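Peer 1: Model the structure of this input:
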Amino acid sequence: MRALKAVLRRLRRDTRGISLVELAVAMPVMLSLGLYGTEVAYMTVVNMEVSQIAISVADNASRLGQTDNTSVMPTVNETQIDSVMAGALVEGNSFDFNAHGRIILSSLEMNKDTRQQYIHWQRCSGDLGVGSAYGTAGTTLAGMGPAAHLIKAPDSSTAVMFVEVYYNYQPLFGNVFVKNTMFHREATFIVRDNRNLTPNGSPDGITAGSSAPKSHCS
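Peer 2: Model (predicted):
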């Protein structure tokens, strides 16, 4: 017993390796905080990029036809819309937006006969299986956007390009810190120049392009 007590006294006074013990105790906490901070930072960046995709699609769609210098009022064709969508998908390549996201572009217009707002045409891109929160092409509605700040086409001669973007966030570290997070961003731009909204032979307001259309909503 005397020898055992002596050993215990020596162990109690022995401080060798104390830093290693402290590191072992603190490491799980520090590592968790570091990984969580990295996840939050990445999540913030992706959320910002999703917002930028919405803005760029609405902006680019509102400019379609601006370079048409003919005397005929320009129309929108399928190839132009496909190009806008393709550019947006390239923006999201770094976080695999095409596989986990969805872009919905709607032309919000005013019916010249009823003076009601409606979705004249709608095009989509991305593999995520979600639809517009406001309805499909042909839907009549009060406007689009938050109820307190409804977006409306000002008159029957112009349109508003309204974009909804959805993205099912893919975490860096699986479901450890973030679970089932869906980003949803919206953006809108009024058409910049005069545009023929009802071209002959095109009931949905879009003329054929030089290639098969890729952006129809299914």
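Peer 1: How much space separates the nearest residue to residue 178 once chain neighbours are set aside from residue 158?
Peer 2: Among residues not flanking residue 178 along the chain, residue 171 sits closest, at 4.6 Å (CB to CB, 6 or more residues apart in numbering). Yep, even glycine has a C-beta here, placed from its N, CA and C like the rest. Separation of residue 171 from residue 158 (CB to CB, to the nearest Å) stands at 42 Å.
Peer 1: Find the least confident helix or strand in this protein, judged by mean pLDDT.
Peer 2: Scoring the helices and strands of the chain by mean pLDDT, DSSP states H and E places helix 2-13 at the bottom, with a mean of 75.
Peer 1: Give me the distance between the longest helix anywhere in the chain and the centre of its chain.
Peer 2: Under DSSP state H, the helix in the chain containing the largest number of residues is helix 18-62. Centre-to-centre, helix 18-62 and its host chain are 18 Å apart (CA atoms, centre = their mean, to the nearest Å).
Peer 1: Which neighbouring elements make contact with that helix?
Peer 2: When contacts are defined as 3 or more CB pairs under 8 Å, 6 or more residues apart in numbering; DSSP states H and E, helix 18-62 packs onto helix 78-91, strand 101-110, strand 159-168, strand 182-190.
Peer 1: and if we set it to 10 Å?
Peer 2: For helix 18-62, the packing partners by 3 or more CB pairs under 10 Å, 6 or more residues apart in numbering; DSSP states H and E come out as helix 78-91, helix 97-100, strand 101-110, strand 117-125, strand 159-168, strand 182-190.
Peer 1: my read is residue 209 is in a strand, agree?
Peer 2: No - per DSSP: H, G, I helix; E, B strand; the rest coil, residue 209 lies outside any strand segment and is coil.
Peer 1: List the single closest residue to it in space, sequence neighbours excluded.
Peer 2: Excluding its sequence neighbours, the residue lying closest to residue 209 (CB to CB, 6+ apart) is residue 79, at 2.8 Å.
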